[in-house]
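Structure for the following, please:
(one chain, ligands or ions: 2)
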Amino acid sequence: MNILLLGSGGREHALAWKIAQSPRLDSLFIAPGNAGTAAHGTNVNLDLRDFPAIIDFVLKHAINMVVVGPEEPLVRGIVDVFAATEAVAHIPVIGPTAAGAQLEGSKDFSKAFMERHAIPTARYKSFTPATLEEGQAYLRTFQAPYVLKASGLAAGKGVVIPETLEKAEQELEEMLGGKFGAAGNVVVIEEFMKGIECSVFVLSDSEHYLILPEAKDYKRIGEHDTGLNTGGMGAVSPVPFCTPDFMEKIRTRIIDPTIRGLRQEGIRYKGFIFIGIMNVDGNPMVVEYNCRMGDPETEVVIPRIENDLLDLLEATALGRLDEQTLGISPLTAVTVVTVSGGYPGAYQKGKVIHGLEELKNELVFHAGTHFQDEKVLSNGGRVLAFTSMADSLPEAISRSYRSIDRICYDGIYFRRDIGKDLSS
Ligand code: AMP
Ligand code: GLY
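Ligands and ions are numbered 1, 2, ... in the order given. Sure, this is the predicted structure:
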């Protein structure tokens, strides 16, 4: 099989690493990829918004399957465009149609979807600039803290949780006034859920599904979950509080009605569903859906999957996931992300990364890097993800930190407490 993988982060490096292990693979292309993905295939410089150029490439290189890493091409309808283009209509694109990607692309849609299918989530209402005053009144029906979400895609920055009513009212006005651009034309106000979060991943073929290993990610920049939100500073899988009993509640109360609901609404969904879950006193509630895998969660989820990933993805495309049995490693996986100094604020790129050649036997996934003059340079806020697998969580954690100790680049920063809250 010839595969085209879209994306350039740690998630895509982990997917490329796994796809490259398949004996069924002939050629793997990654667009645009990074210095890490180049070890498993050929990086190609395609603009992920330019669907005609992607289709051209697929035809020229006899691609048999396209795997989409990030949400944006899905929300923009890449699956629909392939289906409607005769020359490539037969080539599977792993991911939902634009209608299915609304689960992530529109929080207004996803909340209404959950309401229609009685899926447990926080009480909510949506507001527009025309209903600002009703929104202010709705805020007053909650206690602090308040949760406001720009409905559209806002690069992970669209959720604001003010501590006081005054700040919440001001925030609502700013969001509806264009603070997040068009993403904030509709704002969801919802109840704050108190609990501990985990991420659950489902591979759906529209009819059947597999539940992949769950994970917990660490979103804040500072230790003990302080400071600004980031794309994710580390992740752990499995999650100790995701007991068989808790996972069964997630399956029956959330996953089953989600898959059934998509089908009832005539939405074709052949791809990954990432469900952000809050464990509220032992009961799972949905925080959000994403129409893709998580990053850095993929860097711990994928290494624990024992199957040939191409078998799973082909079964997804063919609607035959019921014929697949998932093999999951009993080992614990941890990933620790190193970032550029200043991230998630302003940071510099282009710093030379030293020490990578010494870590050839470790799982170091590149999140934001590129090759230049035989050197690996930093090329993003998140730079590298150090994954380790071991019999115990503390062992996996210390192995990742030992690897990080052997790396340096100007301005390197990472959290030293990844997984520590779960290992006592
Ligand atoms: P989202 O993009 O919807 O996942 O929101 C980003 C983060 O904000 C989540 O991962 C949670 O940590 C937090 N969050 C979102 N909604 C809620 C809620 N209703 N209650 C508590 N925390 C929330
Ligand atoms: N780590 C969270 C995300 O991928 O959205």
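
contacts and neighbour counts: CA atoms only from here.
Will do.

does E169 sit in a helix or strand, and which one?
Here E169, judged by DSSP states H and E, is contained in helix 165-176.

Give me the buried positions along stretch 42-61.
Residues of stretch 42-61 classed as buried: T42, N43, V44, L46, L48, F51, I54, I55, V58 (neighbour count, 16 or more other Cα atoms under 10 Å).

Equivalent analysis for stretch 100-111, please.
G100, A101, Q102, L103, E104, G105, S106, K107, D108, F109, S110, K111.

Which of these sits closest to ligand 2?
Ranking the buried residues of stretch 100-111 by separation from ligand 2, with Cα to the nearest ligand atom as the measure, puts E104 on top at 9.9 Å.

who's in contact with that closest one?
By Cα atoms under 8 Å, 6 or more residues apart in numbering, the contact set of E104 is E71, V75, S110, L153, E288, Y289, N290, C291.

Likewise for V383?
Per Cα under 8 Å, 6+ apart, neighbours of V383: V337, T338, V339, S340, H366, A367, G368, T369.

so how many other residues sit close to the residue in the chain positioned nearest to ligand 2?
Taking Cα to the nearest ligand atom, ligand 2 has its nearest neighbour within the chain at G294, 3.3 Å off. Around G294 sit 27 other residues, with neighbours defined as other Cα atoms under 10 Å.

From what I see, it and R11 are in contact.
Yes - taking contacts as Cα atoms under 8 Å, G294 lies within contact range of R11: 7.1 Å.

And I254, how close does it get to E362?
Counting by Cα to Cα, to the nearest Å, the separation of I254 from E362 is 36 Å.

out of those two, which sits in the more crowded spot?
Each of I254 and E362 has its neighbours counted (other Cα under 10 Å); I254 has more, 23 against 15.

wait, doesn't that one sit right on I119?
Yes - in this structure, I254 is within contact of I119 by Cα under 8 Å, at 5.7 Å.

and the stretch 101-250 of the chain, which residues reach ligand 1?
The stretch 101-250 of the chain comes close to ligand 1 at residues A122, V147, G156, V159, E190, E191, F192, M193, K194, as judged by Cα under 6 Å from any ligand atom.

so where is the stretch 51-200 of the chain shaky, pLDDT-wise?
Low-confidence segments of the stretch 51-200 of the chain, defined by pLDDT under 70, are located at 156.

quick one: S378 from V159, how far?
As defined by Cα to Cα, S378 lies at a distance of 28 Å from V159.

same check, this time on R76
R76 sits 21 Å away from V159 when distances are taken as Cα to Cα.

for C291, same thing?
17 Å.

ok, these two, which is more surrounded?
It is C291, of C291 and V159, that has more neighbours when counted by other Cα under 10 Å, with 28 against 16.
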